[in-house]
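Engineer: Could you work out the structure for the sequence below:
(one chain, ligands or ions: 1)
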Amino acid sequence: MFVYRGRSPDNCVTIYIDDSAVLVPAAMSVAGALLVSGQPVVRRTPVTGSGRSAWCLMGSCFDCLVDIDDVKGCQACATPVQEGMRISRPGPERCTTDNVDPWEAGP
Ligand code: FES
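Structural biologist: Take a look at the predicted model:
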């Protein structure tokens with residue numbers, strides 16, 4: 001699934017995951033970068049706060065939504081890393097349905 005040939009300044013970019021600089025391979029998705037950097041948790045659930053990770057890695061499940069450069073809800077598995085990219089992972093407060101009108105919410 002991944003072609004990973006180690007990290008060197010020649011084939012890597014620096015991204016920021018929750019404000020921490022991380023050196024990751026340049027030809028990789030954000031979800032892949034989270035995995036190889038040892039930070040597989042993409043978001044936290046609203047009920048228990050447990051960590052969730054990217055699941056399908058092909059753009060189908062939408063379980064990998066992160067904020068990238070202040071754009072909310074980007075698919076980490078479908079977004080290639082870029083130099084200087086800033087990634088924030090939503091906490092449980094972003095996933096709550098407390099303010100959702102069930103009659104307005106879709107299926
Ligand atoms: S991991 Fe399923 S859409 Fe990204």
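
Engineer: and the closest residue to residue 30 other than its chain neighbours, what is it in contact with?
Structural biologist: Spatial nearest neighbour of residue 30, excluding adjacent residues (Cβ to Cβ, 6 or more residues apart in numbering): residue 76 at 4.0 Å. C-betas here are computed from N, CA, C, even on glycine. Contacts for residue 76 were tallied using Cβ atoms under 8 Å, 6 or more residues apart in numbering; they are 29, 30, 31, 34, 42, 54, 64, 65, 66, 68, 87.

Engineer: change it to 7 Å
Structural biologist: Counting by Cβ atoms under 7 Å, 6 or more residues apart in numbering, residue 76 makes contact with 29, 30, 31, 34, 42, 54, 64, 66.

Engineer: Over to residue 62?
Structural biologist: Counting by Cβ under 7 Å, 6+ apart, the residues that residue 62 touches are residue 75.

Engineer: Could you tell me how far it is located from residue 35?
Structural biologist: 17 Å (Cβ to Cβ, to the nearest Å).

Engineer: One more: residue 41?
Structural biologist: In terms of Cβ to Cβ, residue 41 sits 10 Å off from residue 35.

Engineer: Measure how buried residue 31 is and give me the count.
Structural biologist: If you count neighbours by other Cβ atoms under 10 Å, residue 31 ends up with 24.

Engineer: Alright, I will stop here.
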